[in-house]
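A.B. asks: 3D, please:
(one chain, ligands or ions: 1)
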Amino acid sequence: MHVLYMSSQNIFERIIAREIPAIIEYEDDEVIAIKDIAPKAPIHILIIPKKNIPSIADATLEDQNILGKLLMVAQKIGKEKNLEGYKLLFNVGEKGGQVIPHVHLHLLGGGKIDF
Ligand code: 5GP
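C.D. replies: Here you go, the predicted structure:
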C-alpha cells in the first residue's frame, strides 16, 4: 500500500501542520503566532493566518476580516506581554523584504524599536 506524503509548500504551512517545531505564542482556528527564529528585537513574533495568502499584494476583499484579525491578535499579545509600544510590519514582495511567501505580520517590541 502506498502512503501519499505531500509536503506543505512553505515553512509557515509546515509549522501550522506541526511538521517543524516553533514556539507558539497564540493559536486559534484561523491564526497562529510564533517566535521569530532570528529575532530583530527583544520580542519578535510573527502573526500568521492559517489561510495561505502569499502576500498582502495578493489579498482580496474576501481576506479583509482575517487581515484585520492579525492586528487584533497583535494587540492581544502586546497586552499580555505588557508591551508599552511595539512596531507592526508587513514586508510585501521580494523588493519589500518578504522572504516567506505566506502573509505574516511582524510584531517587534520589548525595547525602543528604531528602524
Ligand atoms: P519576511 O522577511 O518574509 O517578512 O520574514 C520572514 C521571517 O521569518 C524572518 O524574520 C525570519 O527570521 C523568520 N523565519 C524564517 N524561518 C523561520 C523558521 O523556520 N521558524 C521561525 N519561527 N521563523 C522563521
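A.B. asks: Can you tell me what sits against stretch 77-87?
C.D. replies: 25-26, 33, 41, 43, 45, 47, 74, 106-110, 113 (Cβ atoms under 8 Å, 6 or more residues apart in numbering). In this view, the C-beta of every residue, glycine as well, is placed from N, C-alpha and C.
A.B. asks: Mind doing that once more with 6 Å?
C.D. replies: 107-109, 113 (Cβ atoms under 6 Å, 6 or more residues apart in numbering).
A.B. asks: Same check on stretch 58-75?
C.D. replies: 26, 30-31, 33, 47, 49, 53, 88, 105, 107.
A.B. asks: Which one of those is nearest to the ligand?
C.D. replies: The ligand lies nearest to L105 out of these, by Cβ to the nearest ligand atom, at 9.2 Å.
A.B. asks: for the closest residue to I56 other than its chain neighbours, helix, strand, or coil?
C.D. replies: Distance criterion Cβ to Cβ, 6 or more residues apart in numbering; nearest residue to I56, sequence neighbours excluded, is V92 at 4.7 Å. Under DSSP: H, G, I helix; E, B strand; the rest coil, the three-state class of V92 is coil.
A.B. asks: Neighbour-wise, which one of the contacts of stretch 77-87 leads?
C.D. replies: Tallying neighbours with other Cβ atoms under 10 Å puts L107 at the head of the contacts of stretch 77-87, with 28 neighbours.
A.B. asks: Isn't that one up against I45?
C.D. replies: Yes. With contact defined as Cβ atoms under 6 Å, L107 reaches I45; the gap is 4.5 Å.
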